[in-house]
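[1] no letters, just coordinates:
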């Protein structure tokens, strides 16, 4: 595998960038927590009662599940399966080699099963 020093430097720079971003993000949160703490200490010195405040913004209620998510997953898995079959049919079985085209069939069957499940479940509603 002909990796050069330049490839290593690129990976090292990307890793350093990720670590620096994580550090700066944690420092920002720490500064925000310190500011809230100082405000609360000042209010306590003045005798003002304060309710407990969360350090993170309140979480929004989760969105309702998408009823078509199963259909979308089925379409994607079916496309992956038949795309893999087509690719292996075009590129495989050269010079009498083994036929690899059936390998993606489980993906295609998974997608077809999800689509059928969506159809049956939507009829029962």
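    Looks like it arrived, so ask away. This is a predicted model, so every value here is computed, not measured.

[2] contacts and neighbour counts: CA atoms only from here.
    Fine.

[3] which other helices and strands contact the host helix or strand of residue 75?
    Taking DSSP states H and E as the criterion, the element that holds residue 75 is helix 69-91. Other elements packing on helix 69-91 under the criterion 3 or more Cα pairs under 8 Å, 6 or more residues apart in numbering; DSSP states H and E are helix 105-124.

[4] tell me the mean pLDDT for the helix it packs on?
    For helix 105-124, the mean pLDDT works out to 94.

[5] buried residues in that helix?
    105, 107-115, 118 (16 or more other Cα atoms under 10 Å).

[6] closest to residue 46 among those?
    For those, the residue nearest residue 46 by Cα to Cα is residue 118; the value is 61.9 Å.

[7] residue 101: neighbour count?
    Neighbourhood size, residue 101 [other Cα atoms under 10 Å]: 18.

[8] list the residues that contact it.
    Residues counted as contacts of residue 101 (Cα atoms under 8 Å, 6 or more residues apart in numbering) are 84-89, 92.

[9] would you mind putting those into a markdown table with neighbour count and distance to residue 76 alongside?
    Shown next, in a markdown table, are the contacts of residue 101 (neighbours: other Cα atoms under 10 Å; distance: Cα to Cα, whole Å):
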| residue | neighbour count | distance to residue 76 |
| --- | --- | --- |
| 84 | 20 | 12 |
| 85 | 21 | 14 |
| 86 | 14 | 15 |
| 87 | 14 | 16 |
| 88 | 17 | 18 |
| 89 | 15 | 20 |
| 92 | 16 | 23 |
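
[10] mind checking how far the residue lying closest to residue 89 once chain neighbours are set aside is from residue 108?
    Spatial nearest neighbour of residue 89, excluding adjacent residues (Cα to Cα, 6 or more residues apart in numbering): residue 101 at 5.6 Å. Noted for residue 101: a distance of 12 Å to residue 108, by Cα to Cα, to the nearest Å.

[11] could you list the domains of this structure?
    By the record's domain assignment, the chain is partitioned as 1-57, 69-124 (automatic domain parsing).

[12] sorry, back to before: and for the helix holding residue 75, what's in contact with it?
    With contact meaning Cα under 8 Å, 6+ apart, helix 69-91 is reached by 100-115, 118.

[13] lovely, talk soon.
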